[in-house]
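Engineer: Starting from these lines, generate the structure:
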Amino acid sequence: MKIKLDRIISIATLLASIGAIFLVLKKPAPVAQHQTPAAIAANAQSFGQKMEQFEQAAQQASPTSAINYQSGPAQSQQPASYVPPASPAKAEVHLNSDEVGAAIAQAVGAAGAAGSGELSPDSNVGSGAPTIKDQQVSFDGDVVHGQFLTEIAGKDVWVTVSGHLASKDGYATFEPTEFKVGDLNVPVSLVNPALQKKLAEQRDRMKLPDNVGGMKVENGELVMQQK
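Structural biologist: Down below sits the predicted model:
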């Protein structure tokens, strides 16, 4: 007895759907190792210390006064070979993924768990945002990888996104290069428009600190430079 073509297509579609569901619910390979509570506390402290040192260095590197070398009697008193002193180098801070991940864990945990210093299963990143039950962040070369455990249709699902972090006009920008739901790859072209729209809606959260002029991921580190 011959099986009709439409029946074969239906069976194939069903199997593909089951396979897709399995991949969506499957836990992907982690982008970073989980940190213990003690490691989170230590790395978050290191993050805070580095940012404090960066702020102090930025204040020291900022010029306190400007000298006009174009006109005035002072110019005529300078020798012909006089070269104005070079501007001081801009301060930078380099943060590794463990420090950034720990800072995020504490920040998200504090926001969603009534001041708790750790990320909890009930942590929420804000009103109307999906519940984040777990998160991992890592840097690889100039690419940042983020992995988040959230709930979709009553099921715990891992969402993994990778891309390039940069800055423009005082705001952080993100251009995705890879997107996965569970272990299922989703074309970036399908995700990026909605992602950029969401980032635009959350523009206030993307604003860089007043003393930060640029941000990028380089050589496996998050690098911020003074304005």
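Engineer: For the strand or helix carrying Lys197, buried residues please.
Structural biologist: Here Lys197, judged by DSSP states H and E, is contained in helix 188-201. By neighbour count with 16 or more other C-beta atoms under 10 Å, helix 188-201 contains the buried residues 188, 191-192, 195. For every residue, glycine as well, the C-beta is placed using N, CA and C.
Engineer: Would you point out the helix or strand in this protein whose mean pLDDT is lowest?
Structural biologist: When the helices and strands of the chain are scored by mean pLDDT, DSSP states H and E, helix 73-76 comes last with a mean of 46.
Engineer: quick revisit: just flag the most distant two among the buried residues of helix 188-201.
Structural biologist: Val188 and Leu195 (8.9 Å; C-beta to C-beta).
Engineer: in this protein, which spans are helices?
Structural biologist: Along the chain, the segments classed as helices by DSSP state H run 5-25, 37-61, 73-76, 97-112, 188-201.
Engineer: Least reliable of the ones you listed by average pLDDT, please.
Structural biologist: When the helices of the chain are ranked by mean pLDDT, helix 73-76 comes last with a mean of 46.
Engineer: re the thing from before, between Val188 and Leu195, what contacts are shared?
Structural biologist: Common neighbours of Val188 and Leu195 are listed as Pro176 (criterion: C-beta atoms under 8 Å, 6 or more residues apart in numbering).
Engineer: quick check: longest strand of the chain.
Structural biologist: In the chain, assigned by DSSP state E, the strand with the most residues is strand 155-168.
Engineer: neighbouring contacts of that strand?
Structural biologist: 24-25, 27-28, 31, 133, 142-151, 172-182, 208, 212-217, 222.
Engineer: Please report how far Gln56 lies from Val93.
Structural biologist: According to C-beta to C-beta, to the nearest Å, Gln56 and Val93 sit 11 Å apart.
Engineer: oh, I was asking about Lys227
Structural biologist: 13 Å.
Engineer: So between these two, which is more surrounded?
Structural biologist: Val93 (21 against 14; other C-beta atoms under 10 Å).
Engineer: burial of the nearest residue to that one once chain neighbours are set aside, as a residue count?
Structural biologist: Among residues not flanking Val93 along the chain, Phe54 sits closest, at 3.7 Å (C-beta to C-beta, 6 or more residues apart in numbering). For Phe54, the count of nearby residues is 21 (other C-beta under 10 Å).
Engineer: Over to Val217?
Structural biologist: 22.
Engineer: What's opposite it in the beta bridge?
Structural biologist: Note on Val217: beta-bridge partners Leu222, judged by DSSP bridges.
Engineer: So for stretch 208-224, what gets flagged as buried?
Structural biologist: For stretch 208-224, by 16+ other C-beta under 10 Å, it's 208, 211-217, 221-224.
Engineer: Mind listing residues that contact that stretch?
Structural biologist: Against stretch 208-224 from outside (C-beta under 8 Å, 6+ apart): 54-55, 58-59, 90, 92-97, 100, 139-144, 164-167, 170-172, 225-227.
Engineer: buried subset of the residues you listed?
Structural biologist: In the contacts of stretch 208-224, the ones that pass as buried (16+ other C-beta under 10 Å) are 54-55, 58, 93, 95-97, 100, 139, 144, 165, 167, 171-172, 225-226.
Engineer: Out of those, which is nearest to Gln35?
Structural biologist: Ser97 (10.2 Å).
Engineer: hmm, back to that, tell me which of the buried residues of stretch 208-224 has the lowest pLDDT.
Structural biologist: Asn211 (83).
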